[in-house]
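Student: Just need the structure, nothing else, for what follows:
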Amino acid sequence: MLLRTAKNALRSSVDSAAVLFGPQRRQPREPRLWILMYHRILPKSDPRYSREEPGMVVTPETLEMHLQILRRHFDIVPLSEWLDRRHSGQALPAKSCAITFDDGWLDNYEYAFPILKRHQVPATLFAVSHMIGTSDSFWPNRVAKLLERPRKELESIPWLAPHLPPEDFSPDAESASAQETASRVIGSLKTFSDDRIHSWLDSVAPEAADERAMMNWDELREMATSGFVEIGSHTCHHYRLRTDLPPDIIERELAESKKILGEELKQAPRLFCYPNGDVCEQALRQVPEFYQAAVTTKRGINVASELNSFQLLRLGIHQDRCDTEAKFYSRLANWY
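Tutor: Below you'll find the predicted structure:
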């Protein structure tokens, strides 16, 4: 308890310092690009909020607050436009910010899209092409749903039991217990391949058509033609591009996603996002064959002269670390 109190006090001090002294307050020697990574936008009253991992969600009110702060300190730019200007040698703003959303969640259309239009803010949405318009679920969400079952039943599942936290596990007070437990189990399972995890889940909890989690094509088209949202590729099935994924599958995930999105949206995606941030040598070689740039989940602020266009850094944005102005300034500073 004392350690947690001390840790929270230190964080609070760092957050307060970031408001006054963070890099967003200073004029950099050369242009910098902040790329913010969002996933889900949900009100706390929405049942979907309580079922999601803490690091995956932000409320609409928090997103509104973020945009107001960003307007004070940055030029908010379309990511592809900033990259085009850098590539052609045009002048860049000293401090630019690009907003990105991963996956193609229905709530991005329901809650984020109206806010972007109201504030006239551009963004990039990375869509998982073969999940658009389906009732399919990502395996972490299937795991979270499975974990709603009684503990004794979960302990009888051979592949799951070793990854369950101790019964006396005490999560951080900032997070709901069920959410934090699910996050820990999901993190532990990430050492296995996506196919293996889906196979395990199919054996104990076959995927059933539930409420729709992802956008359909009409909703994605509306966003793409709005003038505010550019659509990028996030692969076909959200397979993590690791060395245990067969080479032909890696190539297909890159090529087919671009093809399907291009056919459905009448404009081929130029930008790519690595699922879960995982990347192997083959992916690094082949992504440039299909796309003009790619974002990672590696945390950092991009400096124009040091930029690797196919390993762009981002700052992950989520509710428990960005729900106040001070916390958001601290995340923008990338101090921890």
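Student: Every contact and neighbour count from this point should use C-alpha atoms.
Tutor: Noted.
Student: Give me the below-cutoff pLDDT ranges for the stretch 151-300 of the chain.
Tutor: Applying pLDDT under 70 to the stretch 151-300 of the chain flags the ranges 168-176, 208-210.
Student: Show residues contacting stretch 216-227.
Tutor: 104, 106, 109, 113, 122, 132-134, 229-231, 264-265 (Cα atoms under 8 Å, 6 or more residues apart in numbering).
Student: change it to 7 Å
Tutor: Contact with stretch 216-227 is made by 109, 132-133, 229-231, 265, as judged by Cα atoms under 7 Å, 6 or more residues apart in numbering.
Student: can you give me the strands in the stretch 151-300 of the chain?
Tutor: 229-233, 271-273, 293-299 (DSSP state E, counting those that start in this stretch).
Student: among these, which is nearest Ser13?
Tutor: Evaluated over those, closeness to Ser13 peaks at strand 293-299, with 21.3 Å, by Cα to Cα.
Student: Show me what the following helix or strand past the closest one is packed up against.
Tutor: Remark: after strand 293-299, the chain's next helix or strand is strand 302-303, criterion DSSP states H and E. Where contact means 3 or more Cα pairs under 7 Å, 6 or more residues apart in numbering; DSSP states H and E, strand 302-303 is packed against strand 32-38.
Student: Name the strands paired with the strand it packs on and say parallel or antiparallel.
Tutor: Neighbouring strands of strand 32-38 in its sheet, by DSSP bridges, are strand 95-103 (parallel), strand 302-303 (antiparallel), strand 312-316 (parallel).
Student: if we can go back for a sec, using a markdown table, please lay out the strands of the stretch 151-300 of the chain together with mean neighbour count and distance to Asp75.
Tutor: As requested, the strands of the stretch 151-300 of the chain are exported to a markdown table (neighbours: other Cα atoms under 10 Å; distance: least, Cα to Cα, whole Å):
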| stretch | mean neighbour count | distance to Asp75 |
| --- | --- | --- |
| strand 229-233 | 27 | 16 |
| strand 271-273 | 27 | 20 |
| strand 293-299 | 19 | 19 |
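Student: so can I have TSV of those strands showing distance to Leu160?
Tutor: Compiled in TSV, the strands of the stretch 151-300 of the chain are given as follows (distance: least, Cα to Cα, whole Å):
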stretch	distance to Leu160
strand 229-233	31
strand 271-273	29
strand 293-299	26
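Student: Touching stretch 57-68 from outside, list them.
Tutor: So stretch 57-68 is contacted by 39-44, 111-112, 115, 318-319, 323 (Cα under 7 Å, 6+ apart).
Student: Equivalent analysis for stretch 188-200, please.
Tutor: For stretch 188-200, the external contacting residues (Cα under 7 Å, 6+ apart) are 139, 163, 239.
Student: quick one: the closest residue to Gln286 other than its chain neighbours and Cys236, what's the gap?
Tutor: Closest residue to Gln286 in three dimensions, ignoring its sequence neighbours and counting by Cα to Cα, 6 or more residues apart in numbering: Glu251, at 7.2 Å. The gap separating Glu251 from Cys236 is 11 Å, by Cα to Cα, to the nearest Å.
Student: Same drill for the two, tell me which one is more crowded.
Tutor: Legend: neighbour count by other Cα atoms under 10 Å for Glu251 and Cys236, higher for Cys236 (23 against 19).
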